[in-house]
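Q: just a sequence and a predicted model for now, questions to come.
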Amino acid sequence: MAPLIRTRQTEKTIDGISTQVVCTEFSNYIFIVLTQYGKIGTLVSVTPDSRSSDISTSMLTTKVLLGKDEALTHVYAKNVAAFVCQEAGNRPVLLGLALKDCSAENLKTLKEMIKTCQVW
(Lines give C-alpha, C1' and ligand atoms only; values in the text may rest on other atoms or scores of the structure.)
Protein backbone atom coordinates (compact mmCIF):
# COMPACT_ATOMS: atom_id res chain seq x y z
CA MET A 1 0.00 0.00 0.00
CA ALA A 2 1.34 3.42 -0.97
CA PRO A 3 1.83 5.98 1.79
CA LEU A 4 -1.00 8.47 2.24
CA ILE A 5 1.38 11.42 2.17
CA ARG A 6 4.39 11.21 -0.13
CA THR A 7 7.46 13.32 0.62
CA ARG A 8 10.81 13.65 -1.11
CA GLN A 9 13.70 15.94 -0.32
CA THR A 10 17.11 16.88 -1.61
CA GLU A 11 19.99 19.10 -0.61
CA LYS A 12 22.58 20.89 -2.72
CA THR A 13 25.18 23.59 -2.19
CA ILE A 14 24.47 26.55 -4.47
CA ASP A 15 27.21 29.20 -4.59
CA GLY A 16 28.48 28.02 -1.21
CA ILE A 17 25.00 28.09 0.39
CA SER A 18 23.41 24.86 1.62
CA THR A 19 19.97 24.66 0.02
CA GLN A 20 17.21 22.19 0.88
CA VAL A 21 14.08 21.34 -1.09
CA VAL A 22 11.22 19.33 0.40
CA CYS A 23 8.17 18.36 -1.69
CA THR A 24 5.08 16.80 -0.10
CA GLU A 25 1.93 15.69 -1.90
CA PHE A 26 -1.44 16.05 -0.23
CA SER A 27 -4.72 15.23 -1.97
CA ASN A 28 -5.59 18.90 -2.44
CA TYR A 29 -2.18 20.67 -2.43
CA ILE A 30 1.46 20.22 -3.30
CA PHE A 31 3.61 21.59 -0.44
CA ILE A 32 7.13 22.72 -1.36
CA VAL A 33 9.73 24.22 0.97
CA LEU A 34 12.79 25.94 -0.51
CA THR A 35 15.19 26.95 2.23
CA GLN A 36 18.72 28.20 2.72
CA TYR A 37 18.05 28.96 6.41
CA GLY A 38 16.58 25.63 7.60
CA LYS A 39 13.20 27.33 8.13
CA ILE A 40 9.89 27.42 6.24
CA GLY A 41 10.14 31.18 5.78
CA THR A 42 7.45 33.07 3.89
CA LEU A 43 4.44 30.85 3.17
CA VAL A 44 2.75 31.53 -0.17
CA SER A 45 -0.38 29.95 -1.63
CA VAL A 46 -0.23 29.65 -5.43
CA THR A 47 -3.61 28.78 -6.93
CA PRO A 48 -4.41 28.17 -10.60
CA ASP A 49 -7.42 30.05 -11.97
CA SER A 50 -10.29 27.56 -11.95
CA ARG A 51 -11.98 29.41 -14.83
CA SER A 52 -9.25 28.37 -17.26
CA SER A 53 -9.94 25.03 -18.94
CA ASP A 54 -6.49 24.90 -20.56
CA ILE A 55 -3.93 23.92 -17.92
CA SER A 56 -1.00 25.15 -20.03
CA THR A 57 -2.32 28.73 -20.12
CA SER A 58 -3.84 28.93 -16.66
CA MET A 59 -3.32 32.10 -14.64
CA LEU A 60 -1.87 31.81 -11.16
CA THR A 61 -2.97 33.73 -8.09
CA THR A 62 -0.51 34.18 -5.24
CA LYS A 63 -1.31 35.05 -1.66
CA VAL A 64 1.22 35.43 1.16
CA LEU A 65 -0.17 33.57 4.17
CA LEU A 66 2.75 34.09 6.53
CA GLY A 67 5.80 36.34 6.35
CA LYS A 68 6.80 39.37 4.31
CA ASP A 69 4.38 40.29 1.52
CA GLU A 70 6.78 41.71 -1.08
CA ALA A 71 6.42 41.95 -4.87
CA LEU A 72 9.52 39.79 -5.45
CA THR A 73 7.97 37.03 -3.32
CA HIS A 74 4.94 36.86 -5.64
CA VAL A 75 7.11 36.84 -8.78
CA TYR A 76 9.39 34.13 -7.41
CA ALA A 77 6.46 32.03 -6.18
CA LYS A 78 4.72 32.15 -9.57
CA ASN A 79 7.92 31.20 -11.36
CA VAL A 80 8.62 28.28 -9.04
CA ALA A 81 5.05 26.98 -8.88
CA ALA A 82 3.98 27.40 -12.53
CA PHE A 83 5.41 24.14 -13.83
CA VAL A 84 4.41 22.26 -10.66
CA CYS A 85 0.76 23.34 -10.97
CA GLN A 86 0.78 22.38 -14.64
CA GLU A 87 2.38 18.96 -14.10
CA ALA A 88 0.26 18.21 -11.01
CA GLY A 89 -3.05 18.51 -12.87
CA ASN A 90 -3.71 22.15 -11.96
CA ARG A 91 -3.49 21.52 -8.21
CA PRO A 92 -2.56 24.49 -6.02
CA VAL A 93 0.89 24.78 -4.47
CA LEU A 94 1.73 25.86 -0.94
CA LEU A 95 5.26 27.24 -1.07
CA GLY A 96 7.65 28.02 1.76
CA LEU A 97 10.46 30.39 0.73
CA ALA A 98 13.47 31.09 2.95
CA LEU A 99 16.22 32.07 0.51
CA LYS A 100 19.36 34.16 0.82
CA ASP A 101 19.85 34.24 -2.97
CA CYS A 102 16.80 35.08 -5.12
CA SER A 103 18.70 35.43 -8.40
CA ALA A 104 17.44 34.09 -11.73
CA GLU A 105 20.31 31.58 -11.84
CA ASN A 106 19.36 30.32 -8.38
CA LEU A 107 15.74 29.99 -9.53
CA LYS A 108 16.82 27.73 -12.40
CA THR A 109 18.77 25.47 -10.02
CA LEU A 110 15.86 25.35 -7.56
CA LYS A 111 13.48 24.26 -10.32
CA GLU A 112 15.87 21.44 -11.22
CA MET A 113 16.00 20.41 -7.56
CA ILE A 114 12.19 20.42 -7.35
CA LYS A 115 12.00 18.13 -10.39
CA THR A 116 14.22 15.59 -8.61
CA CYS A 117 11.77 15.64 -5.67
CA GLN A 118 8.66 15.20 -7.79
CA VAL A 119 5.83 13.61 -5.75
CA TRP A 120 2.88 14.42 -8.02
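A: Perfect, thanks for sending it.
Q: can you give me the mean pLDDT across the strand or helix carrying Glu105?
A: Using DSSP states H and E, Glu105 maps to helix 104-116. Confidence over helix 104-116, taken as the mean pLDDT, stands at 94.
Q: touching it from outside, list them.
A: The contact list for helix 104-116, computed with CB atoms under 8 Å, 6 or more residues apart in numbering, reads 8, 10, 12, 14-15, 19, 21, 23, 32, 34, 76, 79-80, 83-84, 99. Heads up, the C-betas are built off the backbone N, CA and C, glycines and all.
Q: check stretch 17-27 too.
A: For stretch 17-27, using CB under 8 Å, 6+ apart, the contacting residues are 5-13, 30-36, 38, 88, 99-101, 109-110, 113-114, 116-120.
Q: and for stretch 66-73?
A: With CB under 8 Å, 6+ apart as the criterion, stretch 66-73 contacts 40-44, 62, 64, 97, 102.
Q: list the buried residues of it.
A: Neighbour-count burial for stretch 66-73, counted by 16 or more other CB atoms under 10 Å, picks out 67, 73.
Q: and the next element down the chain from the strand or helix carrying Leu34?
A: Here Leu34, judged by DSSP H and E, is contained in strand 30-35. Per DSSP H and E, the first helix or strand lying C-terminal to strand 30-35 is strand 42-48.
Q: against which helices or strands is that next one packed?
A: If contacts are counted by 3 or more CB pairs under 8 Å, 6 or more residues apart in numbering; DSSP states H and E, strand 42-48 sits against strand 60-66, helix 71-87, strand 93-98.
Q: Ser18 in helix, strand or coil?
A: For Ser18, the secondary structure call by DSSP: H, G, I helix; E, B strand; the rest coil comes out as strand.
Q: from Thr35, how far out is it?
A: Remark: distance between Ser18 and Thr35 (CB to CB, to the nearest Å) = 9 Å.
Q: and those two? Which one has more around it.
A: Thr35 (19 against 12; other CB atoms under 10 Å).
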